[in-house]
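give me the fold of what follows.
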Amino acid sequence: MKAYIFPGQGSQFVGMGKELYENSPLAKELFEKANEIIGFRISDMMFAGTDEDLKQTNVTQPAIFIHSVILARTLGGSFNPDMVAGHSLGEFSALTANGTLAFEDGLRLVIERANAMQAACEAVPGTMAAVLALDDAKVEEICSGIDKIVVAANYNCPGQLVISGSIEGVKEACEQMTAAGAKRALLLPVGGAFHSPLMEPARERLAAAIEATTFNEPSCAIYQNVTAKPHRNADEIKNNLIAQLTAPVRWTQSVQNMVADGATTFIEVGPGKVLQGLVKKIHKEAEVLSA
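Next comes the predicted model:
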């Protein structure tokens, strides 16, 4: 069975989508539609901007979404997933690719999400850190023992977990995790504490936009970050999407559940190959491909 997976923030690169735009009339049409919705030529920034341009949250998130969804659309009949999943932002790409969201609606939600997250970051500074080679349970235990906001945020693969929270809380947790035997505990160059309680204002703002958006019946199940389980019910999908901003991304568990449900081939749709690497670390026997 085929699982199509969609990357999140961090997989962007200058030149992303340029080949699609130049070689596919459908892609060109969708890029121009995206430019119109966003109100500036994001395609120019994607094709020939700078790394700094693409690092801005209000550019990064829609850029990755646009690239991923347009790539899925250009696959035509060969895009036939048995299941889909997306890492954080990628969940919106997955839901658009499997028909739950219209392209325009998905993009508008991603723009709202990016702006809401940016506002939350500016209101309350926070950060994230990658913890390598320490047991998940130990990471959770250390986080829960610190009296400042710090939580497990991304379960990326065995031995790779990202924590998130207040700057002081994350720094204190990193010190304790290194002392507990982590190979590394390093701060990430991010603008805020994603997937932590500090994103609550963004969650509330995004919730209103999600509730006002039409969600269709998907063509296949989506394994959502919050539960790591398959969902096809529109109301469940909405609730999980709203909860996602302040809840951890359970990527390891999602891939394990997809494998348990029959997935043998994982096809990454979007820029980069980050998810393919994570899948191989979670399940060595899986076949991983780029779309």
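
which helices and strands sit right next to the longest strand seen in the chain?
Selection of the longest strand in the chain by residue count, based on DSSP state E, yields strand 150-157. If contacts are counted by 3 or more CB pairs under 8 Å, 6 or more residues apart in numbering; DSSP states H and E, strand 150-157 sits against helix 136-144, strand 160-165, helix 167-179, helix 251-260, helix 274-282. The C-beta positions use only the backbone N, C-alpha and C, and glycine is treated the same way.

just those: most buried one?
When the helices and strands packed on strand 150-157 are scored by mean count of other CB atoms under 10 Å, the highest mean neighbour count falls to strand 160-165 (a mean of 26).

and it, what does it pack onto?
Right, strand 160-165 is packed against strand 127-132, helix 136-144, strand 150-157, helix 167-179 by 3+ CB pairs under 8 Å, 6+ apart.

so can I have a markdown table of those showing distance to T246?
Rendered in a markdown table, the data for the helices and strands packed on strand 160-165 read as follows (distance: least, CB to CB, whole Å):
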| stretch | distance to T246 |
| --- | --- |
| strand 127-132 | 14 |
| helix 136-144 | 15 |
| strand 150-157 | 9 |
| helix 167-179 | 15 |
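
and of the ones you listed, who's closest to I222?
The closest approach between I222 and any of the helices and strands packed on strand 160-165, judged by CB to CB, belongs to strand 150-157 at 17.5 Å.

name the residues that touch the closest one?
88, 128, 136, 139-140, 143, 161-166, 169-170, 172-173, 193-197, 248-253, 278, 281-282 (CB atoms under 8 Å, 6 or more residues apart in numbering).

and the strands in this protein?
Assigned strands in the chain, in chain order: 2-6, 83-86, 127-132, 150-157, 160-165, 184-187, 221-223, 230-231, 265-268, 287-290 (criterion: DSSP E).

including mean pLDDT, could those strands go into JSON lines?
Output for the strands of the chain, formatted as JSON lines (pLDDT from 0 to 100):
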{"stretch": "strand 2-6", "mean pLDDT": "98"}
{"stretch": "strand 83-86", "mean pLDDT": "98"}
{"stretch": "strand 127-132", "mean pLDDT": "97"}
{"stretch": "strand 150-157", "mean pLDDT": "98"}
{"stretch": "strand 160-165", "mean pLDDT": "97"}
{"stretch": "strand 184-187", "mean pLDDT": "94"}
{"stretch": "strand 221-223", "mean pLDDT": "98"}
{"stretch": "strand 230-231", "mean pLDDT": "98"}
{"stretch": "strand 265-268", "mean pLDDT": "98"}
{"stretch": "strand 287-290", "mean pLDDT": "96"}
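
quick one: residues contacting M83.
Shown here is M83, whose contacts under the criterion CB under 8 Å, 6+ apart are 1-4, 220-223, 230, 258, 261, 263.

and which of those is nearest T214?
When the contacts of M83 are ranked by distance to T214 (CB to CB), I222 comes first, at 16.3 Å.

the closest one reaches T100, doesn't it?
Yes - I222 sits in contact with T100 when judged by CB atoms under 8 Å, with a separation of 7.2 Å.

any common contacting residues for those two?
Residues touching both I222 and T100 by CB under 8 Å, 6+ apart: I237.

tell me the confidence at the residue nearest the centre of the chain?
When CA atoms, centre = their mean is applied to the chain, the residue found nearest the centroid is S88 (2.4 Å). Per-residue confidence for S88 comes out at a pLDDT of 97.

leaving out chain neighbours, which residue sits closest to it?
Spatially, and ignoring its direct neighbours in sequence, S88 is nearest to G8 (3.8 Å; CB to CB, 6 or more residues apart in numbering).

for that neighbour, what are its contacts?
Contacts here follow CB under 8 Å, 6+ apart; on that basis G8 touches 64, 86-90, 249.

and with 10 Å instead?
By CB atoms under 10 Å, 6 or more residues apart in numbering, the contact list for G8 reads 60-61, 64-65, 68, 86-93, 154, 194, 225, 249, 251, 270, 272, 274-275.

likewise V274?
When contacts are counted by CB under 10 Å, 6+ apart, V274 touches 5, 7-8, 10-11, 87, 90, 156, 268.

from T100, how far out is the nearest residue to N80 once chain neighbours are set aside?
By the measure of CB to CB, 6+ apart, the closest residue to N80 outside its immediate chain neighbours is K2, 7.0 Å from it. Plainly put, K2 is 18 Å away from T100 if you go by CB to CB, to the nearest Å.

between these two, which one's more packed in?
Comparing K2 with T100 by other CB atoms under 10 Å, the one with more neighbours is T100, at 26 against 18.

need phi/psi at the more buried one.
Comment: the main-chain dihedrals of T100 come out as phi -70, psi -40, following degrees, to the nearest 10.
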